[in-house]
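Peer 1: Following is a predicted model, sequence given first.
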Amino acid sequence: MIFSGKVEKPTVSNFIRNIIDTDLAQNKNQGRVATRFPPEPNGYLHIGHAKSICLNFGIAKDYQGTCNLRFDDTNPERESMEYVQSIKDDIAWLGYQWNALHFASDYFAQLYDYAIELIKQGKAYVDSLSGDEIRAYRGTLTKPGKESPYRDRPVEENLKLFEAMRAGEFEDAQHVLRAKIDMSSPNINMRDPILYRIRHVSHYRTGDQWCIYPMYDYTHCISDAIEDITHSLCTLEFEDNRALYDWVLDQLDVPGHPQQIEFARLNLEHTVMSKRILNRLVDEGHVSGWDDPRLPTISGLRRRGYTPESIRDFCERIGVTKKQGTIAMSVLENSIREDLDQRAPRRMAVLDPLRVVIENYPEAQTEMVTASNHPKNPQMGQRPLTFSGVIYIERSDFMETPAKKFFRLAPGREVRLRYAYYITCTDVIRDNEGEVIEIRCTYDPATKGGSSADGRKVKGTIHWVSADHSANAEIRLYDRLFLVSNPAAKADFLEHLNPQSRIVLTNCKVEQGLVDMEPEARFQFERQGYFCTDRQDHSRSHPVFNRTVTLRDTWAKIEKTSGS
RNA sequence: UGGGGUGUAGCCAAGUGGUAAGGCACCGGAUUUUGAUUCCGGCAUACGCAGGUUCGAAUCCUGCCACCCCAGCCA
């Protein structure tokens, strides 16, 4: 299938899809596939969540199934509607539509009823040990725990106590509801896990309706079952929780029993995904906010210029396994370059301008040259550019004493100005400090458009803008946030922040037409990289562009290896 | 001296007893009015290690090693 010039790639198999294929072959769940994405609304989504989103929504789509969005909002402490909204926005931006929208908090009443049922069955009890005591009684990794003295309270007493807990008759932490399983289980999750805790905190959705809140292990499985989820996908750290997930559902008469399958979460080199660290970076002002273009948050990537397509492509490429790995940033960069190469119109922008006066160009004359918007896609059209006798070129495109293999402008050398003329450098002008502030050139009038009838070749083609026909712009260059590949592993991760992760250039010269672009417009600035107008700060009077990613740069490699 | 997982190239990853896909990265070369793109070629006698079963093992068996997760009234 042809799709915007791109052949859609077949989805690669992974172990979860293999499980589903097997289930389907056996007509498990009557051939139905239902997944869900269950974030807690206590933070912003990042690229790691995107992996889970693409997995869950992608499976639903490919198997004609459904994927719900469910907010796992069982801990009122740090959840809010603001997070709910940002999560919904990010998922929609990524290009996914949820089948149904649910909140675990909508199940509070049902969850409470199921807890009563558990108590009646003698499988849950109210424990009145303190937090410290509960921890001590739990035992350790290698030593079994011991049973609470309250473990054998009669059902009636448990019922009365639990109702009193719900009625607000106790202080926080005075009692908890626990499952009665096995205090000597080698799986610590099964040592009478806490099901409910008392928390006199108002919830962003249920207000003060409840003062007891159900725990994750108890809530998640029942929520999945209520929604008739077939495959409950989560990350590896929940592997040990699966026994409890199954235990709870086995005790109760719930609509279904979803299968929990765990996969490895995403790790990316040179950045961090942990909520704790992300929070510090934002709170302490090391970045400008949750949508700082250096952050791996969805809103940060969006502001940086990443497309939803590129993020989906990335998630496709990295695969889904149970092996904990770390993906190189180059994989993400490759995904966005590949996408933008095809769809981003080309423009010329000079980031570090060097003034060039063309001495034999008739003074005050201007003329139009034609530039194509994409070298391979004529349908993207062309645009006229004004050429004149005073232009700006990139300072790095000129070397007074050229290094070996440098084939751009240098005294006595000829280069092509893209789409315009061949020019030859004749002189160098310096200021009092000896810094080159201008160069003088001559142009060959017979090379208009950038080619010569005599077949003479020039090795270099450089970009330019006309001094009087360009606009000033601010351009923000972004690079990896951290210098080390795994900053989260460093106790002093702040010491490893890349001081060059954001460089703001305020004296850039761009094609005039660029200032009128709407926010989030994406371009390739030829020979530089892909850029987008900043979502927040760009305006016609103050144009601001963010560098999404550089172009591949063979010259930089040559420079590096030749050590100059 | 507990339990649960995972080991295929620098980084990901297919592979499910028949002789190691693919991507990223890297290295060559061709084309090129972007040192971009594109294209061609190279890149694991080898699948954590050691044994065993088999005509045949990355795939099965045994033992060992390494790494990750679990002792919140977080999710």
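Peer 2: Happy to help now that I have it. Remember, it's a predicted structure, so these values are computed and weren't measured experimentally.
Peer 1: So which residues of the stretch 451-564 of chain A form helices?
Peer 2: Along the stretch 451-564 of chain A, the stretches classed as helices by DSSP state H, counting those that start in this stretch are A:554-561.
Peer 1: So which residues of it form strands?
Peer 2: Assigned by DSSP state E, counting those that start in this stretch, the stretch 451-564 of chain A shows strands spanning A:461-462, A:464-466, A:470-478, A:502-511, A:522-525, A:529-533, A:544-550.
Peer 1: Minimum distance to RNA strand B: which of those strands has it?
Peer 2: Comparison of the strands of the stretch 451-564 of chain A against RNA strand B by CB to the nearest atom of the strand identifies strand A:461-462 as nearest, at 3.9 Å. For every residue, glycine as well, the C-beta is placed using N, CA and C.
Peer 1: Mind telling me which residue of chain A is nearest RNA strand B?
Peer 2: Closest point on chain A to RNA strand B, by CB to the nearest atom of the strand, is residue A:450, at 2.1 Å.
Peer 1: and that residue, what does it touch?
Peer 2: Residue A:450 makes contact with A:416-422, A:461 under the criterion CB atoms under 8 Å, 6 or more residues apart in numbering.
Peer 1: again with residue A:188
Peer 2: A:138-139, A:141, A:240.
Peer 1: one more time with 6 Å, if that's ok
Peer 2: Residue A:188 makes contact with no residue, according to CB atoms under 6 Å, 6 or more residues apart in numbering.
Peer 1: Could you list the low-pLDDT ranges of chain A?
Peer 2: Within chain A, the segments meeting pLDDT under 70 span A:1-10, A:563-564.
Peer 1: now with 80?
Peer 2: Applying pLDDT under 80 to chain A flags the ranges A:1-12, A:561-564.
Peer 1: where along it do the helices fall?
Peer 2: A:15-25, A:47-62, A:81-94, A:108-120, A:131-137, A:155-166, A:216-226, A:242-251, A:275-283, A:298-304, A:308-318, A:329-343, A:554-561 (DSSP state H).
Peer 1: Can you say which of these is packed in most?
Peer 2: helix A:298-304 (a mean of 25; mean count of other CB atoms under 10 Å).
Peer 1: which residues touch that one?
Peer 2: A:45, A:90, A:290-293, A:535, A:546, A:548.
Peer 1: can you rerun that using 8 Å?
Peer 2: Applying CB under 8 Å, 6+ apart, the contact partners of helix A:298-304 are A:44-47, A:49-50, A:86, A:90, A:93-94, A:290-295, A:311, A:478, A:520, A:532, A:534-536, A:546, A:548.
Peer 1: Check stretch A:525-538 too.
Peer 2: By CB under 8 Å, 6+ apart, stretch A:525-538 touches A:291, A:302-305, A:336-337, A:340, A:344, A:346-349, A:351, A:394, A:418, A:462-463, A:474-476, A:510, A:517-524, A:543-551.
Peer 1: Can you tell me, leaving aside adjacent residues, what's nearest to residue A:75?
Peer 2: residue A:213 (6.6 Å; CB to CB, 6 or more residues apart in numbering).
Peer 1: Then residue A:291?
Peer 2: That would be residue A:299: by CB to CB, 6+ apart, it lies 3.9 Å from residue A:291.
Peer 1: And that neighbour, how far from residue A:288?
Peer 2: 12 Å (CB to CB, to the nearest Å).
Peer 1: what does residue A:274 give?
Peer 2: 19 Å.
Peer 1: Strands along the stretch 301-450 of chain A, start to end?
Peer 2: A:346-347, A:349-350, A:353-358, A:366-372, A:382-388, A:390-394, A:414-417, A:422-430, A:436-443.
Peer 1: Residue A:146: which of these is closest?
Peer 2: strand A:349-350 (70.3 Å; CB to CB).
Peer 1: hmm, the closest one in reach of RNA strand B?
Peer 2: No. Strand A:349-350 does not reach RNA strand B (CB under 7 Å from any atom of the strand); its nearest approach is 11.0 Å.
Peer 1: what residues does the stretch 301-450 of chain A put near RNA strand B?
Peer 2: So the stretch 301-450 of chain A meets RNA strand B at A:317-328, A:330-331, A:333-334, A:337-338, A:341, A:346, A:374-376, A:405-408, A:416, A:418-419, A:449-450 (CB under 7 Å from any atom of the strand).
Peer 1: and residue A:108, what is it in contact with?
Peer 2: A:206, A:209-210, A:214 are the contacts of residue A:108 under CB under 8 Å, 6+ apart.
Peer 1: and if we set it to 7 Å?
Peer 2: Shown in contact with residue A:108 (CB atoms under 7 Å, 6 or more residues apart in numbering): A:206, A:210.
Peer 1: circling back to that earlier point, could you check the distance from the residue nearest to residue A:291 over to residue A:82?
Peer 2: From residue A:299 over to residue A:82 the distance is 12 Å, taken as CB to CB.
Peer 1: is it true that residue A:282 touches residue A:289?
Peer 2: Yes. Counting by CB atoms under 7 Å, residue A:289 is a contact partner of residue A:282 at 6.2 Å.
Peer 1: so which of the helices of chain A comes closest to residue A:496?
Peer 2: Residue A:496 lies closest to helix A:275-283 among those, at 11.4 Å (CB to CB).
Peer 1: is any part of the closest one close to RNA strand B?
Peer 2: No. Using CB under 7 Å from any atom of the strand, helix A:275-283 stays clear of RNA strand B, with a minimum separation of 8.7 Å.
Peer 1: For that helix, C-alpha coordinates in CSV please.
Peer 2: The C-alpha trace of helix A:275-283 is given here as CSV (Å, rounded to 0.1, in the frame of the first residue of the first chain):
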residue,chain,number,x,y,z
LYS,A,275,9.7,10.5,37.0
ARG,A,276,11.9,11.4,40.0
ILE,A,277,14.7,12.8,38.0
LEU,A,278,12.5,14.4,35.4
ASN,A,279,10.7,16.2,38.3
ARG,A,280,14.0,17.5,39.6
LEU,A,281,15.1,18.8,36.3
VAL,A,282,11.9,20.7,35.9
ASP,A,283,11.5,21.9,39.5
